[in-house]
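Trainee: Here's my sequence, what's the structure:
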Amino acid sequence: MRAFEAASRTENFAEAGRELGVTHSAISQQIRTIEDWLQVKLFERHGNRVGLSHEGAALRPRINDAFEILAEACAYIQRARRTLSLNVSAEPAFASRWLRPRLVDFRELHPEIEVHLFSGWDQKSPQGTGVDVIIHFEERLKEFVHISDRLFPVYGYPACSPAFREKVTRDSTPFDLNTVPLIHDNSRMMWRRWFNEHMPGSTAWRSGYVYSDLSLAIDAATDGEGMFLADDILCKNEITQGNLIRLMPETMLCTWYCAGVANDRNTNTAVRVFLDWLISASQGRLSPPDEQR
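Mentor: Sure, this is the predicted structure:
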């Protein structure tokens, strides 16, 4: 069939032979074999010249279609063999503010690995699920998954929007953290710890607005709803652009972001490659996206 396809396209057995790396007579023999099998003449021979018969002209487009199907099938298998798939689940603020912008660089470095990113606050064990890597706060991961690596710590300090600062200081009275609305993410635990460390005895942490995750809390603080424990990594854009302003010097270690894997995925090549890249990026061994472009 390869011989017929080349000969029907060139209408020249010698040229078809050169294209396939065989002799003119080998092409002739292959064509005779097909014609004997089909019991029809595929070419009309006029001395040294050949042309497609009616049957040959009818067969040619169908053979071309068949070879295209075969080529696509083989290409699909090759792509599937080269491509590794990786499902990553991450805490929403980490996913949107830190990881997603950097995935562009990972995909450029490792085009053979397809990363599918999912965000979610309520994490469950990836054992027996399609999740390969899970990234969340250390205290939420260690309950049910092997923590592969610590990524970076989150140090929080009181911050708010410029409009909120103007609102709480416009009367020229001393700023008092006990009297302003606080913004909490998921629970009141972080502010409670901060007050215990820096303003013991205060119960101001019991007031304020609770949001389901850190990303929503950052947005609420930027919109001027209250005081928030910001940090220099996840809130980098807001701090740099002046949308959040640090009001007090006191800082507290809030948590660590960590990466975990299920036991049945420890030997997955794509997982290991991704974790190695993740550690390098989180520890500053890779340049941030905005410094690379």
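
Trainee: which residue packs closest to residue 274, ignoring adjacent ones?
Mentor: Nearest residue to residue 274 in three dimensions, chain neighbours excluded: residue 86, at 5.7 Å (CB to CB, 6 or more residues apart in numbering). All C-beta spots, glycine's among them, are computed from the backbone N, C-alpha and C.

Trainee: can you check residue 167 too?
Mentor: In space, residue 167 is closest to residue 224, 7.5 Å off (CB to CB, 6+ apart).

Trainee: And the pLDDT for residue 196?
Mentor: With respect to pLDDT, residue 196 has a value of 91.

Trainee: Have a look at the chain and report its longest strand.
Mentor: strand 146-160 (DSSP state E).

Trainee: What are the boundaries of the strands in this protein?
Mentor: 43-46, 49-52, 84-90, 113-119, 133-137, 146-160, 183-185, 209-211, 228-230, 245-246, 252-261.

Trainee: looking at the ones you listed, which is buried most?
Mentor: Greatest average neighbour count among these goes to strand 228-230 (a mean of 28), per mean count of other CB atoms under 10 Å.

Trainee: so what does that strand touch, helix or strand wise?
Mentor: strand 146-160, helix 189-198, helix 214-222 (3 or more CB pairs under 8 Å, 6 or more residues apart in numbering; DSSP states H and E).

Trainee: Tell me which of the ones you listed lies nearest to residue 283.
Mentor: strand 146-160 (7.2 Å; CB to CB).

Trainee: rewinding a little: indicate which one of the helices and strands packed on strand 228-230 is closest to residue 99.
Mentor: Going by CB to CB, the one of those nearest residue 99 is strand 146-160, 9.7 Å.

Trainee: mean confidence score for the closest one?
Mentor: 84.

Trainee: May I have the strands that pair with that strand, each with its orientation?
Mentor: strand 228-230 (antiparallel), strand 245-246 (antiparallel), strand 252-261 (antiparallel) (DSSP bridges).

Trainee: thinking in terms of the whole chain, how far from its middle is the longest strand of the chain?
Mentor: Strand 146-160 sits 21 Å away from the centroid of its parent chain (CA atoms, centre = their mean, to the nearest Å).

Trainee: so what's the closest residue to residue 152 other than its chain neighbours up against?
Mentor: Counting by CB to CB, 6+ apart, residue 152 lies nearest to residue 282, which is 4.9 Å off, once chain neighbours are set aside. Each residue near residue 282 by CB atoms under 8 Å, 6 or more residues apart in numbering is listed here: 151-152, 257.

Trainee: could these go into TSV alongside distance to residue 20?
Mentor: Output for these, formatted as TSV (distance: CB to CB, whole Å):
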residue	distance to residue 20
151	56
152	59
257	59
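
Trainee: Now the helices and strands packed on strand 228-230 in TSV, please, with extra columns for distance to residue 73.
Mentor: Shown next, in TSV, are the helices and strands packed on strand 228-230 (distance: least, CB to CB, whole Å):
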stretch	distance to residue 73
strand 146-160	38
helix 189-198	55
helix 214-222	44
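
Trainee: quick one: which of the ones you listed is nearest residue 97?
Mentor: helix 214-222 (7.0 Å).

Trainee: For residue 188, what are phi and psi?
Mentor: Per-residue torsions, residue 188: phi -90, psi 10 (degrees, to the nearest 10).

Trainee: wouldn't it be in contact with residue 211 here?
Mentor: No. Between residue 188 and residue 211 there is no contact under CB atoms under 8 Å: 11.4 Å.

Trainee: What ranges does the stretch 1-150 of the chain have for its helices?
Mentor: Using DSSP state H, counting those that start in this stretch, the helices of the stretch 1-150 of the chain run over 2-10, 13-20, 24-38, 54-82, 92-93, 100-109, 138-141.

Trainee: Give me the below-cutoff pLDDT ranges for the stretch 101-250 of the chain.
Mentor: Along the stretch 101-250 of the chain, the model assigns pLDDT under 70 to residues 121-129, 143-148, 170-174.

Trainee: In contact with residue 257, which residues?
Mentor: 91, 94, 135-138, 150-154, 282.

Trainee: Distance-wise, check it relative to residue 138.
Mentor: 7 Å (CB to CB, to the nearest Å).

Trainee: sorry, back to before: can you add distance to residue 107 and give the strands of the chain back as JSON lines?
Mentor: Output for those, formatted as JSON lines (distance: least, CB to CB, whole Å):
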{"stretch": "strand 43-46", "distance to residue 107": "50"}
{"stretch": "strand 49-52", "distance to residue 107": "48"}
{"stretch": "strand 84-90", "distance to residue 107": "11"}
{"stretch": "strand 113-119", "distance to residue 107": "7"}
{"stretch": "strand 133-137", "distance to residue 107": "15"}
{"stretch": "strand 146-160", "distance to residue 107": "19"}
{"stretch": "strand 183-185", "distance to residue 107": "30"}
{"stretch": "strand 209-211", "distance to residue 107": "31"}
{"stretch": "strand 228-230", "distance to residue 107": "30"}
{"stretch": "strand 245-246", "distance to residue 107": "35"}
{"stretch": "strand 252-261", "distance to residue 107": "18"}
